[in-house]
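[1] got a structure for you, letters missing:
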């Protein structure tokens, strides 16, 4: 927390998807977190840990097979899970905006760039047609797109990946949202364009005071962009801390493994470290700690009982039996 009021409060969020063969599968399991005004919260973990489903649950974009079965999502004090779809549409793109991982699947290939961004303004503002056009050109210029007037009339397939991602940022920022959710916004981009995109998001945040929820698997991005970090594994939050604490003194063996997996230039290191095994699929989560089958520190209790999320002496939280009896723990925060 940065002393600012919370923009988003998520408590006990549990999301399931229906599966013809296996029935209802829990994908996000009792997730709690807050995002304060002006703060950037990072959510990290391997693919399949539940990061993107958490964001889609907040936006209520799960599709017909997904459903939030319990928990609370409060945005600026308002419970969003009870809103009608029409009320939610007024919220999306206006006060909460989202940048998706692959812009080519998010942009309509048969509509021009100007038309697509203009539709956001048409839905959420009272601007006239010409005013919307000028605002769209301003937004395209703001995100660093050259020849904005020409790009206004172009179609998505005519733009590079980096340009399309800039269009997505312009669309997300059209109504100056209070919260921006960015789901792996730099994954498909080369390193130079990644740095530009992150710099752009950071500049927007600093200039507008919006909050950012950044979903990524890249700890380098986390170190550069985030104030606090949640580490997710198999649908649960297993560690949370401010970014400096997490990177300097990680508590959970999984977090330690993620940090060890980051490439570095250490002399004599020829092979990248990899955490053994894979993230278990929903419906196949093991008994006890869900990371235990992959953990070199696992004790018998780790395979038998699920640990609670414990508050540590330094203010961080960790879901691990290694710390259950550690001096300074204050007991279970949540299970």
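    Received, thanks. Keep in mind that this is a model prediction, so the values were computed, not measured.

[2] if you go through this protein in chain order, where are the strands?
    6-19, 23-36, 40-44, 66-75, 78-79, 96-99, 179-183, 211-216, 228-233, 236-242, 309-311, 317-318, 332-334 (DSSP state E).

[3] Next, the contact list for the residue most central in space within the chain, please.
    Centroid check for the chain by C-alpha atoms, centre = their mean gives residue 215 as the closest residue, at 2.7 Å. Applying C-beta atoms under 8 Å, 6 or more residues apart in numbering, we find residue 215 in contact with 42, 43, 44, 51, 52, 54, 55, 181, 182, 183, 184. (C-beta placed from N, C-alpha, C; glycine too.)

[4] Now do it, the pLDDT please.
    Note for residue 215: predicted pLDDT of 94.

[5] same check, this time on the one 3 residues further on
    As predicted, residue 218 sits at a pLDDT of 87.

[6] Kindly report the same for the one 10 residues further on.
    In the predicted model, residue 228 carries a pLDDT score of 97.

[7] cool, residue 273 as well?
    82.

[8] so it makes contact with residue 259?
    No - Residue 273 lies out of contact with residue 259 (C-beta atoms under 8 Å); the separation is 9.4 Å.

[9] Any stretches of this protein with poor pLDDT?
    Within the chain, the segments meeting pLDDT under 70 span 1-3, 103-104, 188, 264-270, 325-335.

[10] Got a ChimeraX select line for the buried ones in the contacts of residue 215?
    Here is the ChimeraX selection string for the buried members of those, based on 16 or more other C-beta atoms under 10 Å:
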select :42,43,44,51,52,54,55,181,182,183,184
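
[11] Mind putting the contacts of residue 215 into JSON lines with distance to residue 175?
    Output for the contacts of residue 215, formatted as JSON lines (distance: C-beta to C-beta, whole Å):
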{"residue": "42", "distance to residue 175": "24"}
{"residue": "43", "distance to residue 175": "24"}
{"residue": "44", "distance to residue 175": "28"}
{"residue": "51", "distance to residue 175": "25"}
{"residue": "52", "distance to residue 175": "23"}
{"residue": "54", "distance to residue 175": "23"}
{"residue": "55", "distance to residue 175": "19"}
{"residue": "181", "distance to residue 175": "14"}
{"residue": "182", "distance to residue 175": "16"}
{"residue": "183", "distance to residue 175": "19"}
{"residue": "184", "distance to residue 175": "23"}
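
[12] Now flag whichever of the contacts of residue 215 is closest to residue 30.
    Proximity of those to residue 30 (C-beta to C-beta) peaks at residue 54, which lies at 11.3 Å.
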